[in-house]
Each structure stands twice: as C-alpha cells, then as structure tokens.
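> Pasting the sequence and the predicted coordinates here, then a few questions.
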Amino acid sequence: MVANFESVQQLGKEQFEAVSAAAAAVTKGWQSIAAETTDYSKKSFEKSRLLAEKLIAVKKIDEAFALQSDFAKSAYEDFVAEATKIGELYTSMTKEVLKPIETATKTFTAAAE
C-alpha cells in the first residue's frame, strides 16, 4: 500500500513538473513572438516614415507612383517573410510545449500498465 502511494505521489510530481515545463515553454515562446513582432513593427514604421519623406520631396507624379509601387512591393515581401518567421516561432513553441507533456504521458501510460 505504501509503495502504491509513493508511486502515485511520484507520478503526480512528474505530471506537475511536465505542466510547469510546458508553461515555461509557452512563456518563452510568447516572449520570442512579441519581440519579433515589435522588431517588425519598428522596421515597418521606419520604412513608412522614409517613404513619407521621399514623397514630400517628389516633383513629378510619376516619381510618386514609382516610390509607392516599390514601397508596396517591399512591404509585401517583408510581410510574407515576417509571417513565415512568426509561423516558425509558433511551430517551435508548440514542439517545446509538447515535449514535457509527451514524456509525462509516456510515464503515466507505463505506470498504468
């Protein structure tokens, strides 16, 4: 009876540690995503500011259209690259969150058998 209680207690401890590790991985992942999003926002704002300065100095409408066209193309490419990077961060975070849970589940399944 005592051996069963100790094994159940150990199993509960392992489950708690797995959940704690998963929560830490989620926190770390969200921090990475937030930092990446902040960097992207700063860069995007700076590029927009530079475009505004260039547009103010333009003398011909053709030049303005060319600047806006180049900016739109660049902004789209930057957005796609950023979306890909954020997607990779989410995937990485999910893998890190599931590692301790998967290990704990295997331990729990082995103990139940």
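Now that the structure is in, tell me what you want to look at.

> who touches residue 28 in this structure?
93, 96 (C-beta atoms under 8 Å, 6 or more residues apart in numbering). C-betas here are computed from N, CA, C, even on glycine.

> Which residue is the nearest non-sequential neighbour of residue 74?
residue 47 (7.1 Å; C-beta to C-beta, 6 or more residues apart in numbering).

> Does the one you found lie in a helix or a strand, and which?
helix 2-57 (DSSP states H and E).

> can you give me the offset of that helix from its chain's centre?
With C-alpha atoms, centre = their mean, to the nearest Å as the basis, helix 2-57 stands 6 Å off its chain's centre.

> so the very next helix or strand once past it versus helix 2-57, what angle?
Going down the chain from helix 2-57, the next helix or strand is helix 61-112, by DSSP H and E. Orientation check (axes from the mean of the first three to the mean of the last three C-alpha atoms, to 10 degrees): helix 61-112 against helix 2-57 gives 180 degrees.

> any idea of the mean pLDDT for helix 61-112?
For helix 61-112, mean pLDDT rounds to 89.

> helices or strands next to it in the packing?
Judged by 3 or more C-beta pairs under 8 Å, 6 or more residues apart in numbering; DSSP states H and E, helix 61-112 is in contact with helix 2-57.
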